[in-house]
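# Starting from these lines, generate the structure:
(2 chains)
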There are 2 protein chains.
Amino acid sequence: MIRPFRVAALPIVMPIALLLLSATPSVAAVCTPHVLAPGGAVLFDAEATRARDSVIAMQRSGIHVPVPRDPGGGATHEQHRRNYRALYEAGELYRLTKDRCYVQFIRDMLVAYADLYPRLGPHPARANQQYGRLFWQNLNDAVWLVNAVQGYAAVRDAIAPADRRHIDEDLFRNYARFMTVESVATFDRIHNHATWATAGVGMTGYLLGDADLVEQALLGSRKDGSAGFLRQLDELFSPDGYYAEGPYYQRYALQPFVVFAEAIARHDPSRRIFARRDGVLLKAIRNAIQLTYAGRLFPFNDAMPDKSLNTEELYQAVAIGYAQSHDPALLSIAERQGRVAFSAAGREVARDVAAGRARPFAFTSLLLRDGARGDLGAVAVLRDGDDARGMALVAKNTSQGMGHGHFDKLNWLLYDQGAALVTDYGAARFLNIEAKDGGRYLPENETWAKQSIAHNVLVVDGRSHFDGDADRAEQSAPTQLHFAASDRFSVSIGRMVNAYPGLTMTRTLALVSVPGLERPVAVDLLRANAEAAHRYDLPLHFNGHITRVGGPLDSKVVARPVLGETHGYQHIWVDAEGALPREQAYLTWMTGDHFATWRWLPQPGARVILAESGANDPRFNLRREPLLLQRIDGARDTLFAGVLESHGHYDSETELTRATDSQIRAIESASAPGLDALLIETLQGARVAVAVAYDGGADTLHAITLAGQQLEWRGPAARIVLAEKRP
Amino acid sequence: MIRPFRVAALPIVMPIALLLLSATPSVAAVCTPHVLAPGGAVLFDAEATRARDSVIAMQRSGIHVPVPRDPGGGATHEQHRRNYRALYEAGELYRLTKDRCYVQFIRDMLVAYADLYPRLGPHPARANQQYGRLFWQNLNDAVWLVNAVQGYAAVRDAIAPADRRHIDEDLFRNYARFMTVESVATFDRIHNHATWATAGVGMTGYLLGDADLVEQALLGSRKDGSAGFLRQLDELFSPDGYYAEGPYYQRYALQPFVVFAEAIARHDPSRRIFARRDGVLLKAIRNAIQLTYAGRLFPFNDAMPDKSLNTEELYQAVAIGYAQSHDPALLSIAERQGRVAFSAAGREVARDVAAGRARPFAFTSLLLRDGARGDLGAVAVLRDGDDARGMALVAKNTSQGMGHGHFDKLNWLLYDQGAALVTDYGAARFLNIEAKDGGRYLPENETWAKQSIAHNVLVVDGRSHFDGDADRAEQSAPTQLHFAASDRFSVSIGRMVNAYPGLTMTRTLALVSVPGLERPVAVDLLRANAEAAHRYDLPLHFNGHITRVGGPLDSKVVARPVLGETHGYQHIWVDAEGALPREQAYLTWMTGDHFATWRWLPQPGARVILAESGANDPRFNLRREPLLLQRIDGARDTLFAGVLESHGHYDSETELTRATDSQIRAIESASAPGLDALLIETLQGARVAVAVAYDGGADTLHAITLAGQQLEWRGPAARIVLAEKRP
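Residues are numbered from 1 along each chain as shown, chains lettered A, B, ... in the order given. Below you'll find the model as predicted:
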């Protein structure tokens, strides 16, 4: 009976390895797997059962509190992670069942930690991060504390006084001292690592009745508000609840924010923590969900592209957000997750889901300002339809976003029919996979993933934005010139002036409905204005298999050159290059069950390069993904104009296909001082223009001549239908 | 109200294009979308509704019978496909509802065809295939006939005599004449194209009461049994119901076999067609399903790798198979498909599914002999568990399989945890995608996909098996020396003697349970015995991202050489190469949420090459997929020994990983005349040997010394546990 549990919980080799390392594992009392919480809240019952089985399996294999040794993904690392999870779960199980076997388990494990902890120094596998004691980086220690203290809180009153004192003093107070004194450099940062640290210390303070610890957690180690949780809450989120590091870290940071905020609301309701800054935490929860497509977070900056709504942090965020707001749209997210937090709030979510109270979460076009005061650019999401099959364009006009930021000013992403069409590489990292540098960020994260050429942005003279200097990059943010969203025309205009000296980039990205086309077309107008002549490279990273190249190129079929030597160019293999005339300047690819065509206007002298990532990668650390690069040499003021059309369908089941080729006949542009315009003409003869003005107000009248026709419009951007179809 | 139907049924541009081509489209009567078949057979009701909506949409857009013009995927091609589908569906709808609007629709469309057909000659887009009249290849014309004649059969009695005569004579008899006379070269083949042709002609004969047509269909145009449906049934399937061209074409060929067989059983029950050859057709249906993993057909020979159980042919096969056998396991396949054939048999399947009669389909280890007499090799499937997450090894020891066969003698595939680990490229083809040579097989199907180096097989002196000569390849088949399947040890031994002059290849493939490892290990022992010295290349095509290379190689990070010039080598880029000592001879990769390690024994002087497909591919026709190649020069008798271990788990949701690295410490081999053995030793100290003998009977005693230990076993193959774990 024991065997299946052990197999499921631990690989066979691990107990042996741990025996060699651990304080002698004690055999814990094993709880009886009686039926739990038959309350009709199906989602919660499943969590309780899962937690119960997991804790019982850990009890059966004995308590293992190994001396720390391994980096991320290694045996001791994973064991301490399992332990904090078990502490948390056992605490909730005790709240639920009042079965003292869970008290015994938590007591035994925490005594083992209290015996071990005072003997620990800096972690032996520490790298260039702030070190921890249980883990290679301090962050993981903070996460351990946030979880463990919740488990302890559930059972502390039921533990014998002598044990309680031992655990209070030798483990938790000691631990809090390590976080606030030895790790003060982390603790006092305005950064998600510090949020975990202050949350852990603050909840420890509440539990031990130590007001000083709570004050340090809220106001920083100096207790003057220059650091600490409240300042983090004020500075790390924009007024719209956007987190400066981007969606992947927003998801990660949310957990300590909401968990500690929930504790603050309970212990100190007069602080009205969830109302602070006009309810910014609740906005942050809702907008973390808005920053997804088909359930996955937009992968900008350092992000694992597979990170989805199904993550413990977002179960907690949905549960605590729902407990505070009772927004029924959050219930539909819980339904979709198929999971709830294993907590009282999670139980409420599950009950209300079971009661049929869920309402659809409305994925919508929106603009989220970046920066504590909302003045450091923005992320604009343009949507046509839902997040499952509808089109979504993301304009990333945000600030650098600290150490996890990429040099990708005015970057964009595009999704349709459930898949990414225009992509972001995310981080070069294999999370928790020991063979890949212990699961840490790989060197290629710096040499490729962060570099401008790895994004869909203008690269000047072969060098990344800000010359790849993160400190410089923090000093400047884009300006969101315009944002508007409607059924047939949604548009974002962003501007960046300091990415390169003497150069201004202005980018219009729009979803444009075109008569006769079944889906909107994505329009990209990127204007560079420069004081001197430069080489411009504009990559488009796309997802799919090339089905048609508009015209003949010089194919590198027996020797693929590497595109350059620095700033990410060293990682690019060239497949083909050449100059294409306007009517041949397009590329069609197949993504899953549909097709996309990128069509652009080549400037005089422009060349196009088809390429792939993966050069100079002896350890196979990079994914190999295709890109198209437009290149112009010796250019100053230049407009890059292109349209991305998602079209057609391929059905492998019925073998019926349609519209596998582009339905657009041609595009054409016109420019005048402060104005740009693009005309799209379909095979059926529909003609639609997009016109933008970079100066003037909402009602300013503008005019331009495009393809022999005078266009007039008011305000920053307009869609103008010239013909519905061929006359 | 009309608009959504038109949009769904046809891309917007198509009606205009068709107007230019068609006989003037007549506006057909539109049926009323009343509720259909409320019989509780949910799956069937959905089919009926789908068919009704589809037919009504076609009625609303008017009948289009365009003059044939386009190749596969083009507008006229797709329209004629839609038409035959609509004819079939309208016929079934009339059977179901007796609503005459469907009669009118079929009558109008068939009259349009009867008007057009006599004026048609060879299709203008014909290529090197036997041409059709409505389609670029004769095959599609046959498929049209099989479907259309069923629709016509449903309504013929309800059509006015003059129209009926026009349709009978000008269309169907004319059509049958084209198939049996002008296309006699196809009609009299022993090949799936001819099965479609004979099925169409035979069903036409039954409908028109034309015994001569029926006789030609059954016995060939000469009516002597030298060709025709019965001979196809006798020769194209092995006694185990394996179809010579492989699973992809087995699926395709099944439809005319079962549909015509069903008609024969109805019109001529005394033939006992489903009992013929010990029920070979029913075996063929069941074994087509056995030849899948996670719902996809094993992609050997020319195959689209995305082809699944969800295909019209297999809905028909399941329905007719169930009507004949009432095997409840077929019902579970229908449940999984979520679809049934839109026919009386499909309705019975749906009713019995709804009544809860389904029983699980047992995916199991099995040996399917190839060849009409079962003497042309075999395909061996070794399974551990189900087809959703369990391990499956496929040993392809079959004959060449005619024109769609690949030069891949003794090839193998491996699946685990829902994904392919060791792969087959399948066909180089983008089905129905016009940009890719009109959806036909691409030139790279010959230059890459069929070549030996594109498979997991021994390649000698840089040339494909049989020197790439399909006629020579048809002359020789492998011999299946041994097959056995049990819980802890399943094994196949195949031998091939004529792929290269003077060279014998013998390959043992096994799934072996190893104490302490959670999943079986795949063992590969490939023995080459040669009269002269050769260069041997043994590729392993794998699916995943490399996480660890066992030792340092010479990485080609700035210039990747192309491996060769012919026989597929011209399509291989070299990523790295070198010699690895035995303890470093392994490669680990990540596939989805798990890991695999391939570990091999390098012979003295052997080198390893890590590479990728995609060189010499200016039109981006190839997928770029990784391979590992073992190479030895100047070798004669040689044993290639390797093990593939599927291990560990990566969970992006919880961020818990385990066993990301191999759990095997070492492997070692021993050989003696007629004997080979391999020892696997795990990190925990388990030691398991696999021993094989190529000569002798089931009880012959063999002995060999391996790693200083004497092994004894009886029969062709054994698993011998030397140690459960470290003492």
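
# Could you give the backbone dihedrals for A:Ala533?
phi -80, psi 140 (degrees, to the nearest 10).

# Regarding the nearest residue to it once chain neighbours are set aside, what is its secondary structure?
The shortest distance from A:Ala533 to any residue other than its chain neighbours is 4.6 Å, reached at A:Gly634 (Cβ to Cβ, 6 or more residues apart in numbering or on different chains). No exception for glycine: its C-beta is placed from N, CA and C like everyone else's. Under the three-state scheme (DSSP: H, G, I helix; E, B strand; the rest coil), A:Gly634 adopts strand.

# could you say which helix or strand contains the residue nearest to the spatial centre of chain A?
Closest residue to the average C-alpha location of chain A: A:Tyr248 at 2.2 Å, with Cα atoms, centre = their mean. Per DSSP states H and E: A:Tyr248 is located in helix A:247-267.

# got the contact list for the residue nearest to the centre of chain A?
Counting by Cβ atoms under 8 Å, 6 or more residues apart in numbering or on different chains, A:Tyr248 touches A:297, A:299-304, A:307, A:404, A:426-427.

# What residues does the residue nearest to A:Ala533 make contact with?
Shown in contact with A:Gly634 (Cβ under 8 Å, 6+ apart): A:533-535, A:605.

# Drop anything exposed from these.
Neighbour-count burial (16 or more other Cβ atoms under 10 Å in any protein chain shown) applied to these gives A:His534.

# how about the contacts of A:Gly634, which pair is most distant?
A:His534 and A:Gly605 (13.1 Å; Cβ to Cβ).

# Counting by contacts, list what the longest helix seen in chain A packs against.
When chain A is parsed with DSSP state H, its longest helix is helix A:75-97. Contacts defined by 3 or more Cβ pairs under 8 Å, 6 or more residues apart in numbering or on different chains; DSSP states H and E place helix A:75-97 against helix A:13-21, helix A:42-60, helix A:100-116, helix A:138-155.

# among those helices, which is nearest chain B?
Closest to chain B of the helices and strands packed on helix A:75-97, according to Cβ to the nearest Cβ: helix A:13-21, at 5.8 Å.

# hang on, the earlier thing: which of the helices and strands packed on helix A:75-97 is buried the deepest?
helix A:138-155 (a mean of 25; mean count of other Cβ atoms under 10 Å in any protein chain shown).

# Please enumerate the helices of the stretch 151-300 of chain A.
Listed in chain order, the helices of the stretch 151-300 of chain A (DSSP state H, counting those that start in this stretch) span A:161-166, A:174-177, A:184-187, A:192-208, A:211-219, A:229-235, A:247-267, A:276-290.

# got JSON lines for the ones you listed, with mean pLDDT and distance to B:Leu213 too?
Listed next are those as JSON lines, based on pLDDT from 0 to 100; distance: least, Cβ to Cβ, whole Å:
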{"stretch": "helix A:161-166", "mean pLDDT": "97", "distance to B:Leu213": "92"}
{"stretch": "helix A:174-177", "mean pLDDT": "98", "distance to B:Leu213": "88"}
{"stretch": "helix A:184-187", "mean pLDDT": "96", "distance to B:Leu213": "86"}
{"stretch": "helix A:192-208", "mean pLDDT": "96", "distance to B:Leu213": "77"}
{"stretch": "helix A:211-219", "mean pLDDT": "98", "distance to B:Leu213": "89"}
{"stretch": "helix A:229-235", "mean pLDDT": "96", "distance to B:Leu213": "83"}
{"stretch": "helix A:247-267", "mean pLDDT": "95", "distance to B:Leu213": "66"}
{"stretch": "helix A:276-290", "mean pLDDT": "97", "distance to B:Leu213": "64"}
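
# Tell me which of those helices sits most buried.
Ranked by mean neighbour count under mean count of other Cβ under 10 Å, these are led by helix A:192-208, which reaches a mean of 27.

# Between helix A:138-155 and that helix, find me the angle.
Here the directions of helix A:192-208 and helix A:138-155 differ by 20 degrees (axes from the mean of the first three to the mean of the last three Cα atoms, to 10 degrees).

# Can you list the helices and strands that helix A:192-208 packs against?
Looks like helix A:192-208 contacts helix A:138-155, helix A:174-177, helix A:184-187, helix A:211-219, helix A:229-235, helix A:247-267 (3+ Cβ pairs under 8 Å, 6+ apart).

# out of those helices, nearest to A:Asp163?
With Cβ to Cβ as the measure, helix A:138-155 is the member of the helices and strands packed on helix A:192-208 nearest A:Asp163 (10.7 Å).

# and the closest one with helix A:75-97, angle?
30 degrees.

# pLDDT on helix A:138-155, on average?
The pLDDT scores in helix A:138-155 average 97.

# With stretch A:433-446 instead?
Stretch A:433-446 comes out with an average pLDDT of 93.

# List of residues touching that stretch?
With Cβ under 8 Å, 6+ apart, stretch A:433-446 has contacts from A:70-74, A:125, A:127, A:136, A:302, A:427-432, A:571, A:617, A:621-622, B:547-548, B:588, B:590, B:650, B:657, B:660-661.

# Show me the strands in the stretch 401-550 of chain A, by range?
Here the stretch 401-550 of chain A has its strands, by DSSP state E, counting those that start in this stretch, at A:411-416, A:419-422, A:459-460, A:479-485, A:489-496, A:503-512, A:521-530, A:534-541, A:545-549.

# now do the stretch 551-700 of chain A
A:554-555, A:572-578, A:586-591, A:594-600, A:607-613, A:626-635, A:638-647, A:649-650, A:657-658, A:664-672, A:675-682, A:687-693.

# Comparing those strands by mean pLDDT, which bottoms out?
strand A:657-658 (a mean of 87).

# what about that one and chain B, touching?
Yes: contact of strand A:657-658 with chain B (Cβ under 8 Å from any Cβ of the partner chain) involves A:657-658.

# so how far is B:Gln59 from the closest residue to A:Ala372 other than its chain neighbours?
Excluding its sequence neighbours, the residue lying closest to A:Ala372 (Cβ to Cβ, 6+ apart) is A:Glu235, at 4.5 Å. Applying Cβ to Cβ, to the nearest Å, one obtains 64 Å for the distance of A:Glu235 from B:Gln59.

# can you list the residues of the stretch 251-400 of chain A near chain B?
In this structure, the stretch 251-400 of chain A approaches chain B at residues A:304, A:306-308, A:310-312, judged by Cβ under 8 Å from any Cβ.

# and what of the stretch 51-200 of chain A?
Going by Cβ under 8 Å from any Cβ, the residues of the stretch 51-200 of chain A near chain B are A:73, A:78, A:81-82.

# how does it look with 10 Å?
A:72-73, A:75, A:78, A:81-82, A:85 (Cβ under 10 Å from any Cβ of the partner chain).

# With neighbour count and pLDDT as extra columns, can I get those residues in TSV?
Shown next, in TSV, are those (neighbours: other Cβ atoms under 10 Å in any protein chain shown; pLDDT from 0 to 100):
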residue	neighbour count	pLDDT
A:Gly72	23	79
A:Gly73	25	76
A:Ala75	21	89
A:Glu78	21	90
A:Arg81	21	94
A:Arg82	18	94
A:Arg85	22	96
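
# quick one: contacts for A:Glu182?
A:121-122, A:130-131, A:133, A:138 (Cβ atoms under 10 Å, 6 or more residues apart in numbering or on different chains).

# Select from these the one having the most neighbours.
A:Asn138 (28 neighbours; other Cβ atoms under 10 Å in any protein chain shown).

# Could you verify my assumption that that one touches A:Ser183?
Yes: under the criterion of Cβ atoms under 10 Å, A:Asn138 makes contact with A:Ser183 at 5.2 Å.
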